[in-house]
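In: Fold the following, please.
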Amino acid sequence: VDAALAPLRLRGIHILNCINDRLILAQLEHMAVQHRDVVFAHMKELGLRLNAKKSVLSPLQRTTYLGAVWDPTTMQARLSPARIESILTSVKRVKEGRSLTVKQFQRLLGLMAAASNVIPFGLLYMRPLQWWLRTKGFSPRGNPSRMIKVTRRCLRALDMWKKPWFLSQGPVLGAPCRRVTLATDASLTGWGAVMSGHPARGLWSGRHLTWHINCLEMLAMFRALKHFLPDLIGRHVLVRTDNTAVVYYINHQGGLRSRPLYKLAHQILVWSQDKLLLLRAVHVPGHLNVGADILSRQGPRPGEWMLHPEVVDLFATQENAQCPHWFSLTHPAPLELDAMVQTWPRLRLSGEGAPGRGPSSSSPVLAVPSMVHGPDFPPRRLSLGDSPGRHHSPPSPGVVEVMGVASEGAHLVASGLSTEIVETILQSRAPSTRKLYALKWKLFTSWCGDHQQDPVNCPVGTVLEFLQDRFSAGLAHSTLKVYVAAIAAYHALLGGSSVGRNPLVTGFLHGALRLRPLT
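Out: Numbers count the residues shown, from 1 in each chain. Next up, the predicted model:
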């Protein structure tokens, strides 16, 4: 039917549609008459007939539609007397000890759900009956003739629906012109909230330390509302949270998936009834909920600290970077991802003097000695531009480099190629491949350290022992090939060829494939 009404709406006619009922909206009486005639003609062309006995054809400012009385003069909507009587009659049929069919309970739930569109907190007071029916194995798709015996708990769930004043409530029509917004967040250790730049936070204790994070997020909202209550009384409140379960349970006035979460939502909404005009929640991605997140953790995450730029600014994120170049664990990373798998010189990474740039380097100083604790070193400034080839002699055979990481392609430089040529060759590998090789190489260097071997200049027998160790641990042939490729990228040449082309290594890989074929 909505598709049939689309041409009318394109002509500026405001018409509401619900199954067989239509409601035409207009600002002026004569416009309502004109639009009524246009709608009649259009429906007649479609072959639809008008039920005149059930229709109101004259323009009215106060009308009944879908069981509710809509009154634009007072900007209010309430259940019609007929709908209130229908609900009271259905509730009176529910008596302790009496058995009702599933179909009868379905009808009662339908009346409650429809009334909840008008009654504030109608859904909230429908949830107890839904939870009780759930304990009785109620299912909308089950046998409609199955009998369910009414208990005292069922009667308590219907207490509010027996009160005429509750059924006579109605909301104020129209969207709120202004809302007070606050952001909340919770961690396993505490909660945090921000409203208009004002913070609030606290720590969990006792039984709260064992709660599910969804319940902690809901409790964080409750504590934030209580904290900022003097500024929230009598206002529309919008809570921003990164927890979708909390958003659902607040906006839908509870739910049927988690009883603890439902109880918390029920407690919050009942508490807010006589304090707030309206409480709503909206989801915000976690990375945009920074303030409340920091407060809930009692400080920034380990990767979100920002050191003073005069001390160091090598490890940073886009949010706290102080210089144009930095390493990061996440994208973007102007230098590289994960500084711990990169190639580093053997010397210390701190220099003497004021912060800034070295006299002969275009890179910033990494650290100022006066602000870094550590042993005394001879005065020497080290910058990002420093490299083993410029300032240090290469490590002697048998000495493992600092951090156990050799320069990727060092064997190519040793063969006489310029650094520019080597860098161009290395760019043939994708960044993800280079990072994977670096991780595999790090594992190999760690193994070599345990066996007192030099990972860069060790003989082929050492490489084979490492591969055999990995193969015995259950690694597949394809994984061993990655290890070989990674080692070949860093290891010194053997007889003018890379480790990956050594006949013993290739023979080992063939044997591993035969012993453990691909499936």
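
In: show me where pLDDT drops low in the stretch 351-500 of the chain?
Out: Applying pLDDT under 70 to the stretch 351-500 of the chain picks out residues 351-416.

In: all strands for it, in order.
Out: Using DSSP state E, counting those that start in this stretch, the stretch 351-500 of the chain contains no strands.

In: And the contacts of stretch 150-169?
Out: 78-79, 84, 87-88, 91-92, 94-100, 112, 115, 118-120, 125, 128-129, 131-132 (C-beta atoms under 8 Å, 6 or more residues apart in numbering). In short, each C-beta sits where N, CA and C put it, glycine included.

In: Buried ones only from the residues you listed, please, as a PyMOL command.
Out: Only the buried members of the contacts of stretch 150-169 enter the following PyMOL selection, criterion being 16 or more other C-beta atoms under 10 Å:
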select buried, resi 78+79+84+87+91+94+100+112+115+118+119+120+125+128+129+132
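
In: Format the CA atom coordinates belonging to the lengthiest helix in the chain as CSV.
Out: Identified as the longest helix of the chain according to DSSP state H is helix 431-450. The C-alpha coordinates for helix 431-450 follow below in CSV (Å, rounded to 0.1, in the frame of the first residue of the first chain):
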residue,chain,number,x,y,z
PRO,A,431,55.0,-4.3,3.3
SER,A,432,53.0,-7.1,4.8
THR,A,433,55.5,-9.7,3.5
ARG,A,434,58.4,-7.7,4.9
LYS,A,435,56.7,-7.5,8.2
LEU,A,436,56.1,-11.3,8.2
TYR,A,437,59.7,-11.9,7.4
ALA,A,438,60.8,-9.7,10.2
LEU,A,439,58.7,-11.6,12.7
LYS,A,440,60.0,-15.0,11.5
TRP,A,441,63.6,-13.7,11.6
LYS,A,442,63.0,-12.5,15.1
LEU,A,443,62.0,-16.1,16.1
PHE,A,444,65.1,-17.5,14.4
THR,A,445,67.4,-15.0,16.1
SER,A,446,65.9,-15.9,19.5
TRP,A,447,66.5,-19.6,18.8
CYS,A,448,70.1,-18.8,17.8
GLY,A,449,70.6,-16.9,21.0
ASP,A,450,69.5,-19.9,23.0
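
In: Domain parsing of the protein, as residue ranges.
Out: 2-60, 79-167, 180-296, 300-385, 404-515 (automatic domain parsing).

In: Pro72 is in contact with Pro59, isn't it?
Out: No. In this structure Pro72 lies outside contact range of Pro59 using C-beta atoms under 8 Å: 11.7 Å.

In: where exactly do the strands run in the stretch 1-150 of the chain?
Out: 14-18, 21-25, 63-65, 68-71, 76-79, 99-101, 147-149.

In: any idea how far the fifth one is from the chain center?
Out: Computed by C-alpha atoms, centre = their mean, to the nearest Å, the chain-centroid distance of strand 76-79 equals 38 Å.

In: So what touches that strand?
Out: Under C-beta under 8 Å, 6+ apart, the answer for strand 76-79 is 67-71, 87, 115, 118-119, 167-173.

In: Specify which member of those is nearest to Gly500.
Out: If you rank the contacts of strand 76-79 by distance to Gly500 using C-beta to C-beta, Pro171 comes first, at 73.3 Å.

In: excluding its backbone neighbours, what's nearest that closest one?
Out: Nearest residue to Pro171, sequence neighbours excluded (C-beta to C-beta, 6 or more residues apart in numbering): Pro120, at 5.7 Å.

In: ok, the one you found - contacts?
Out: 169-171, 273.

In: Could you report the distance from it to Leu276?
Out: 11 Å (C-beta to C-beta, to the nearest Å).

In: Next: Gln452.
Out: 70 Å.

In: of these two, who's got more company?
Out: Leu276 (19 against 8; other C-beta atoms under 10 Å).

In: helix/strand/coil for the nearest residue to the more buried one once chain neighbours are set aside?
Out: Among residues not flanking Leu276 along the chain, Val237 sits closest, at 5.2 Å (C-beta to C-beta, 6+ apart). Of the three states, Val237 takes strand according to DSSP: H, G, I helix; E, B strand; the rest coil.

In: now Val237: how far from Thr181?
Out: From Val237 to Thr181 the distance is 8 Å (C-beta to C-beta).

In: and what of Trp326?
Out: 33 Å.

In: more crowded one of these two?
Out: Trp326 (21 against 14).

In: Which of the contacts of Pro120 has the largest number of neighbours?
Out: Neighbour-wise, the contacts of Pro120 (other C-beta under 10 Å) top out at Gly170, 18 neighbours.

In: That residue looks like it's in a helix, true?
Out: No. Counting by three-state DSSP, one finds Gly170 to be coil, located in no helix.

In: Name the residues linked to the residue nearest to it when sequence neighbours are not counted by a beta bridge.
Out: Spatial nearest neighbour of Gly170, excluding adjacent residues (C-beta to C-beta, 6+ apart): Arg78 at 3.6 Å. When bridges are called by DSSP bridges, Arg78 pairs up with Val69.

In: As a check, name the ranges of all helices in the stretch 51-200 of the chain.
Out: For the stretch 51-200 of the chain, the helices defined by DSSP state H, counting those that start in this stretch occupy 81-92, 102-115, 127-135, 152-157, 164-167.

In: wait, what's in contact with Leu225?
Out: Applying C-beta under 8 Å, 6+ apart, the residues near Leu225 are 182, 232, 237, 239, 268, 271-272, 276, 279.

In: same question, Val246
Out: Val246 neighbours (C-beta under 8 Å, 6+ apart): 214, 217-218, 221, 261, 281.
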